[in-house]
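In: this is a predicted model, with the sequence first.
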Amino acid sequence: MHEAGTALLWMENSTVVTPLRQPIVFELEGFYIPPGNGSFLFFLALFNYIVVLLANGVVMCVIVIDKNLHRPMFVLVCNLVVCDLLGSTAVLPRLMMHSLTGEKRIGYMAAIAQAFSVHTYGAAMQTILGAMAYDRYIAVCEPLRYHAIMTPARLNACCILAWSVALLCIIVLFALHANTPLCGNTIRHVYCSNRTILSLACGPTPINNIYGLSMTWFLSTGIFVIIAFSYLRILHASVKQGRADSRVRSKAFQTCSTHLVVYLLYQVAALIIIVSQRFTSVSKNIKKFFSILLIIMPPAVNPIIYGLVSKELRASIFKHLTIKVSPK
């Protein structure tokens with residue numbers, strides 16, 4: 001009896017990990033990399049991170065420096081840049097470290113911080129795009145009242161609301177499993193997320209699953225409805241105004257095309273991830289690569305899209321990056 005009790009106690013202590021009792025160290029499964037090839041993944045992640053930092057950094061600095069860009073559309077673009085930097089910084093530096101050193105352990109608090117940042121990035125990306133759709137709707141449908149409606153106070157309220165909704169949703173998500181006992185410590189993924197951490201739970205977590213699915217559905221559907229409504233009204237207004245002046249219709253479509261491309265890019269990346277997880281024939285490495293598309297693709301492409309399409313932003317970037325050599 002004593003030996004059985006001792007064995008049971010040993011099994012409990014070795015397999016059940018409770019966050020409140022002792023610190024946890026997770027082991028990230030990461031990519032399967034043949035020996036000696038870790039440097040390739042390191043340089044790939046490093047290249048992507050440099051592109052993200054440079055592209056987003058340039059856009060942010062130009063918007064902050066150039067007073068002509070201190071307008072609602074560009075302020076919201078700046079918020080989108082911050083969101084992109086949050087998501088990529090949460091994943092890529094640690095991925096580089098893991099691929100270079102082969103050390104894939106991550107502490108409990110670091111895992112929670114990474115997962116929280118990744119989910120906040122995903123939620124805030126959608127809420128900020130929703131706020132941008134509202135701004136474009138006012139700009140096209142109410143051009144004469146635009147500055148009266150989108151005052152600095154209302155713009156700040158839109159930004160605060162976008163971040164607050166995203167943070168509140170994610171705080172509740174992680175608060176639900178703060179005391180959930182975990183069994184095992186191997187996270188079978190490239191980075192930590194709510195789902196991968198909860199997969200280590202010692203028992204079922206129905207409340208967490210229901211809330212997570214409900215939050216994702218309501219947030220995605222709500223933002224989709226806002227964007228769809230805004231663009232239907234924009235389309236109607238631009239066609240109506242365009243009958244009198246074709247330049248009005250052209251300018252309206254050009255103004256809104258950038259935002260729509262960014263939104264579709266995010267949704268396509270999310271769809272690729274969802275579809276890839278449904279096919280068992282797809283290798284684990286490919287699935288894991290697809291799973292980080294949402295982290296690496298929008299942050300790298302978004303500033304390039306805005307820089308190419310927006311004439312004002314492009315002109316300001318060229319103006320501030322051009323080195324003027326004065327004659328001796």
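Out: Perfect, I can see it now.

In: could you list the low-pLDDT ranges of the stretch 1-150 of the chain?
Out: 1-23, 35-36 (pLDDT under 70).

In: now the strands: where do they sit in it?
Out: Ranges of strands in the stretch 1-150 of the chain, per DSSP state E, counting those that start in this stretch, are 16-17, 25-28, 105-107.

In: what residues sit buried inside the second one?
Out: For strand 25-28, the buried set under the neighbour-count rule, 16 or more other CB atoms under 10 Å, comprises 26, 28. In this view, the C-beta of every residue, glycine as well, is placed from N, C-alpha and C.

In: what helices or strands is that strand leaning on?
Out: On a contact count with 3 or more CB pairs under 8 Å, 6 or more residues apart in numbering; DSSP states H and E, strand 25-28 meets strand 105-107, helix 108-141, strand 186-187.

In: nearest to residue 85, out of these?
Out: Among those, helix 108-141 comes nearest to residue 85, with 9.1 Å by CB to CB.

In: give me the helices and strands touching that closest one, please.
Out: Identification of packing neighbours for helix 108-141 by 3+ CB pairs under 8 Å, 6+ apart yields strand 25-28, helix 72-101, helix 146-149, helix 152-175, helix 194-198, helix 206-242, helix 246-276, helix 293-309.

In: generate TSV for the ones you listed, with distance to residue 45 as supplementary columns.
Out: Rendered in TSV, the data for these read as follows (distance: least, CB to CB, whole Å):
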stretch	distance to residue 45
strand 25-28	14
helix 72-101	5
helix 146-149	42
helix 152-175	24
helix 194-198	19
helix 206-242	27
helix 246-276	17
helix 293-309	8
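
In: which stretch among the ones you listed comes nearest residue 137?
Out: Closest to residue 137 of the helices and strands packed on helix 108-141 is helix 206-242 (CB to CB; 3.9 Å).

In: which parts of the closest one are buried?
Out: 208, 211-212, 215-216, 219, 223, 226-227, 230-231, 234, 237-238, 241-242.

In: quick check: mean pLDDT across that helix?
Out: Averaged over helix 206-242, pLDDT sits at 85.

In: and it, what does it pack onto?
Out: Contact partners of helix 206-242 among helices and strands, from 3+ CB pairs under 8 Å, 6+ apart: helix 108-141, helix 152-175, helix 194-198, helix 246-276.

In: and the first one, what's buried?
Out: Residues 108, 111-112, 114-141 are the ones in helix 108-141 that count as buried (16+ other CB under 10 Å).

In: the shortest one too?
Out: By neighbour count on 16+ other CB under 10 Å, the buried set for helix 194-198 is 194, 196, 197, 198.

In: quick one: contacts for the closest residue to residue 199 other than its chain neighbours?
Out: Closest residue to residue 199 apart from its sequence neighbours, by CB to CB, 6 or more residues apart in numbering: residue 188 at 7.5 Å. Applying CB atoms under 8 Å, 6 or more residues apart in numbering to residue 188 gives the contacts 29, 196, 199.

In: mind running it again at 10 Å?
Out: Counting by CB atoms under 10 Å, 6 or more residues apart in numbering, residue 188 makes contact with 27, 28, 29, 30, 196, 199, 200, 284, 288.

In: what's the answer for residue 51, then?
Out: 88, 296, 299, 300, 301, 303, 304.

In: which ones are touching the closest residue to the last one other than its chain neighbours?
Out: Nearest residue to residue 304, sequence neighbours excluded (CB to CB, 6+ apart): residue 55, at 5.9 Å. Residue 55 makes contact with 81, 84, 299, 300, 301, 302, 303, 304, 306, 307 under the criterion CB under 10 Å, 6+ apart.
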